[in-house]
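Chemist: take a look and give me a structure for this.
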Amino acid sequence: MQKSFFRYVVLLCIVGIQALWADLWNAPYSEEMRQGNRLFFSYGSAPKHLDPVRSYSSNEWMFLGQIYEPMLQYNYLKRPYVLEPLTLKEMPTVDYNASTDTTTYYFDLRDDIFYAPHPAFVKEANGTLLYGALSKADVADIASVYDLPQKATRQVVAADYLYAIKRMAVRQYHSPILDTMIPYIIGLEDYSKKVTQEVAKCQKEGRVPDLREGTISGVKTIGTFGLQIAIHGRYPQFLYWMAMNFFAPIPWEADYFYHQEVLRAKNISLDTAPIGSGAYYLAKSNPAAQMVLRRNPRFHKEYYPSLSSKEVADMGLSPSLLHDANQTLPFVDEVHYRLEKESIPLWNMFLQGYYDASGVSADTFNQAVQIGSSGSMRLSGKMQEKEIKMLTSVAPSIFYMAFNMVDPVVGGYTPSAKKLRQAISIAQDEEEYISIFMNERGVAAQGPIPPGIFGYLKGEEGTNKVIYRWREGKRVRRSLDEAKALLAEAGYPNGISTKSGKRLKLYYDTTATGPDDRALIEWRRKQFAKLGIELVVRATDYNRFQEKVRKGEVQLFSWGWNADYPDPENFLFLLYGKNAAVTTQGAGVNSANYQNPAFDRLFEQIRTMENTPERLEKIRRMVRIAQEDAPWVWGVHPKSLSLVHSWYHNVVANAMANNTLKYKRVDTKKRLEKQHEWNQPVLWPFGLLVGIAVGLWWWVRRLYVARQEAVMLPQRGVRR
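Modeler: A predicted model of the protein is given here:
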């Protein structure tokens, strides 16, 4: 019995020691790692493509933006968003030739840009690649490309940017923007046809295609560091594309190195081990578990942006963002990411201080945020106690419900058709939608252009007068009675057709099929029912849904758009008549098939204009036309919401830039102090267990002694 009790006490002591070292057992990273100059984040889905020519997903660009460097970038702090040189000496010069209707851009690269050291650059004395012909034996023991013993670097030159455009032209590489660029870059279409055939031939013969051969007539190098790109016509938005990863430099050595079958067999490719000149390189790539970015030892000189206090105040930014002005970048040595598929474990790790930042999911919203009576959001008391900061910004995006304008019921441009759409638009209570389904994380849209984009207007001037009234300095949605009056004028009093005598029945196509979507679908039905309209929901899979939209086989549907670049053209072209899906065999982005000649004429004028008062006035007229025609229920501009700890500095929302980690700084001392403070062992359960154990031992021992005495007494009586 004493031995058993001793074992039990030992077990309790082990449990107690574990409790005393709770921080050690629970932390996802060791204390030694947490003491280092590192940031710790999570990601929810594994990146699939890290090859910049084909990647077009936010969970991939969060890594690519730190590794690759296109020629331009967005200023981290300035608003509205402003382009600035990244690998260029200065902003490119632009020359328009009216006689040929072509625009030529001249780019002058810096000569101090180097790639992060990589085995692909190591060369023999004769210039051949040292690792250009690896055998199975050479790679038998490597798990990462960086396990190869030798690494080297070289300068980034203009030919690397040309090589990237050539890779874009290869159909086998599946660039999502090739068809967008073909109408602009002179000679790209002809080159794409030729190189696609050549690559197919090389693949069949088992050869590595050499894209250094062949030319694109509109893209040329000028010496070592000069690049010239000629495009058809005028397209000022072209420079925005030059800030995207698609146009980041690719060294020919990377293509040659990663074409080796022995590396592909080990899943080592440009998709898993990118080669760039950015502030960081991908030191560890295990998308199913962990990704690690490490400081590029050959990163060029770059400095934290410097603005005046007045500029920062005018933009509504915190003065603390100027603390590191003109300091050398980057500040952090490593950035660790862990895959977290579940929101609750991620949230708990953030509250314990093990992740430096976190989003706010529906499951955790009420713990993090309190909604005021006016609908404003503020941090909960618990978050404030931890000195957590909340960052909110309206995303340059729009989610809307579209009418198919070629549909015989909801489409068309007659006064009755417009009034039907206007009535439905008024009845769709977007403010209620934002409250119920978005936890107030959104702004009711007044038109196609979101806040932060040139052409968006605030206050009364920016109010959609078709849907809202302006009263006492606020937007007030028009009443349901006004919507019903419009519906009656459209020929459907109380939802009943004056022609057929039947209730109006409309069809809404959606991909929402899960249990969580039922509440949203039911809410949508109720919005129509307020007008006496029956809404029939047709749910289908995403591929079939897309096909129906492209062919114009829908009546009502919901869609969305995220900005490719911060220009109103990138939103207004969603309503441009020549982009209509049904007239472009499904290729156009105008899924509502909206076609208004007045709108189209203005669009063709503003698409090539600079941001002048004249352009703004034309955009205003376009928006008013679209508001009157109501091809969309304008829907919502979502708000992004994120939380950061007090030790994580220089954090500001920037929806356009992808290369923002180099600006971030961390106070590792404060982080470690808070982690220890927030993860102190809870000792009372251990004391309670010990007390129970001692009490149990005393009670069992007492029972045992009493029983022994009860057995011994009769025996003593017999001896007498």
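
Chemist: what count of nearby residues applies to Met91?
Modeler: 14 (other CB atoms under 10 Å). All C-beta atoms are positioned from the backbone trio N, CA, C, and that covers glycine.

Chemist: confirm for me that it is in contact with Val82.
Modeler: No. Counting by CB atoms under 8 Å, Met91 does not reach Val82; the two are 10.4 Å apart.

Chemist: isn't Val536 right up against Lys505?
Modeler: Yes. Checked against CB under 8 Å, the pair Val536 and Lys505 is within contact range at 6.1 Å.

Chemist: if I've got this straight, Trp61 is in a strand?
Modeler: No. Using DSSP: H, G, I helix; E, B strand; the rest coil, the assignment for Trp61 is helix, not a strand.

Chemist: for it, which non-adjacent residue is closest in space?
Modeler: Among residues not flanking Trp61 along the chain, Asn658 sits closest, at 4.8 Å (CB to CB, 6 or more residues apart in numbering).

Chemist: now do Tyr468
Modeler: According to CB to CB, 6+ apart, the nearest residue to Tyr468 is Arg475 (4.5 Å).

Chemist: Leu64 too?
Modeler: Nearest to Leu64 is Asn245, by CB to CB, 6+ apart, at 4.9 Å.

Chemist: number of nearby residues for that neighbour?
Modeler: If we define neighbours as other CB under 10 Å, then Asn245 has 25 of them.

Chemist: with the one 4 residues further on instead?
Modeler: Applying the criterion other CB under 10 Å, we find 27 residues in the vicinity of Pro249.

Chemist: that one and Ile113, how far apart?
Modeler: Distance from Pro249 to Ile113, counting by CB to CB, to the nearest Å: 8 Å.

Chemist: common neighbours of those two, please.
Modeler: 69, 87, 156, 277 (CB atoms under 8 Å, 6 or more residues apart in numbering).

Chemist: contacting residues for the last one?
Modeler: Spelled out, it's Ser277. Taking CB under 8 Å, 6+ apart, we find Ser277 in contact with 68-69, 87, 113-116, 156, 249, 296, 298-300.

Chemist: any idea how far it lies from Ile426?
Modeler: For Ser277, the distance to Ile426 - CB to CB - is 53 Å.

Chemist: cool, and the third one?
Modeler: The spacing between Val156 and Ile426, counted by CB to CB, is 55 Å.

Chemist: how about Val700?
Modeler: Distance from Val700 to Ile426, by CB to CB: 77 Å.

Chemist: the two: which is more packed in?
Modeler: Ile426 (26 against 13).

Chemist: the more buried one reaches Lys484, doesn't it?
Modeler: No. Counting by CB under 8 Å, Ile426 does not reach Lys484; the two are 9.3 Å apart.

Chemist: backbone dihedrals for the residue nearest to Leu64, please?
Modeler: phi -60, psi -20 (degrees, to the nearest 10).

Chemist: relative to Asn659, how far out is it?
Modeler: 9 Å.

Chemist: could you pull out the residues contacting both of these two?
Modeler: Common neighbours of Asn245 and Asn659 (CB under 8 Å, 6+ apart) are Gly65.

Chemist: what residue ranges in the stretch 451-600 of the chain are flagged as low confidence?
Modeler: Along the stretch 451-600 of the chain, the parts satisfying pLDDT under 70 run over 513-516.

Chemist: what is the neighbour count of Phe40?
Modeler: By other CB under 10 Å, neighbour count at Phe40 equals 23.

Chemist: got it, and Met390?
Modeler: Residue neighbour count, defined by other CB under 10 Å, stands at 17 for Met390.

Chemist: and which of the contacts of Ser277 is nearest Val335?
Modeler: Closest to Val335 out of those is Asn296 (12.1 Å), distances taken as CB to CB.

Chemist: next one: phi and psi at Leu520?
Modeler: Per-residue torsions, Leu520: phi -70, psi -40 (degrees, to the nearest 10).

Chemist: go on, Lys123?
Modeler: phi -130, psi 150.

Chemist: next one: Phe107
Modeler: Given degrees, to the nearest 10, the pair of backbone angles that Phe107 has is phi -120, psi 130.

Chemist: one more: Leu307?
Modeler: Note on Leu307: backbone dihedrals following degrees, to the nearest 10 are phi -130, psi 160.

Chemist: test my guess that it contacts Arg79.
Modeler: No. Leu307 lies out of contact with Arg79 (CB under 8 Å); the separation is 10.6 Å.

Chemist: so what's Glu482 up against?
Modeler: Taking CB under 8 Å, 6+ apart, one finds Ile426 in contact with Glu482.

Chemist: look up how far Ala529 lies from it.
Modeler: Relative to Ala529, Glu482 is positioned 17 Å away (CB to CB).

Chemist: and Ser320, by the same measure?
Modeler: Counting by CB to CB, the gap from Ser320 to Ala529 is 50 Å.

Chemist: one more: Glu205?
Modeler: 65 Å.

Chemist: the two: which has the busier surroundings?
Modeler: When neighbours are counted by other CB under 10 Å, Glu205 and Ala529 differ, and Ala529 comes out ahead with 13 against 7.

Chemist: once you drop chain neighbours, what's closest to the more buried one?
Modeler: Distances taken as CB to CB, 6+ apart place Leu535 nearest to Ala529, at 7.4 Å, with adjacent residues excluded.

Chemist: got it, and Arg478?
Modeler: Leaving aside its chain neighbours, Arg478 sits nearest to Ile426 (4.9 Å; criterion: CB to CB, 6+ apart).

Chemist: now do the SS call for that neighbour.
Modeler: Going by three-state DSSP: Ile426 is helix.

Chemist: which intervals of this structure have sub-threshold pLDDT?
Modeler: Applying pLDDT under 70 to the chain flags residues 1-26, 373-375, 513-516, 682-687, 690, 711-720.

Chemist: and it, what are its domains?
Modeler: The chain breaks down into these domains under automatic domain parsing: 2-21+681-719, 36-44+303-387+645-679, 48-281, 397-492+562-639.

Chemist: how about the strands in the stretch 201-350 of the chain?
Modeler: 219-222, 226-232, 280-286, 290-295, 334-339 (DSSP state E, counting those that start in this stretch).

Chemist: contacting residues for Phe437?
Modeler: Contacts of Phe437 (CB under 8 Å, 6+ apart): 519-520, 523.

Chemist: helices along the stretch 551-700 of the chain, start to end?
Modeler: For the stretch 551-700 of the chain, the helices defined by DSSP state H, counting those that start in this stretch occupy 569-572, 597-606, 613-629, 668-678, 684-719.

Chemist: and of those, who's closest to Ser497?
Modeler: helix 613-629 (21.9 Å).

Chemist: quick one: contacts of that closest one?
Modeler: Around helix 613-629, the neighbours that count as contacts under CB under 8 Å, 6+ apart are 413, 418, 421, 446-449, 454-455, 457, 464-467, 568, 572, 575, 594, 596, 598-599, 602-603, 605-606, 609, 632.

Chemist: and that helix, what's buried?
Modeler: 615, 618-620, 622-623, 625-627, 629 (16 or more other CB atoms under 10 Å).

Chemist: I'd like the distance between Gln203 and Pro209.
Modeler: Using CB to CB, we find Gln203 at a distance of 8 Å from Pro209.

Chemist: equivalent analysis for Tyr43, please.
Modeler: For Tyr43 relative to Pro209 (CB to CB), the value is 33 Å.

Chemist: more neighbours, these two?
Modeler: Between Tyr43 and Pro209, Pro209 has the larger neighbour count (other CB under 10 Å), namely 21 against 18.

Chemist: for the more buried one, which non-adjacent residue is spatially closest?
Modeler: Cys202 (4.3 Å).

Chemist: ok, how many other residues are close to that neighbour?
Modeler: 15.

Chemist: confirm for me that it is in contact with Val208.
Modeler: Yes. Between Cys202 and Val208 there is a contact under CB under 8 Å: 6.8 Å.
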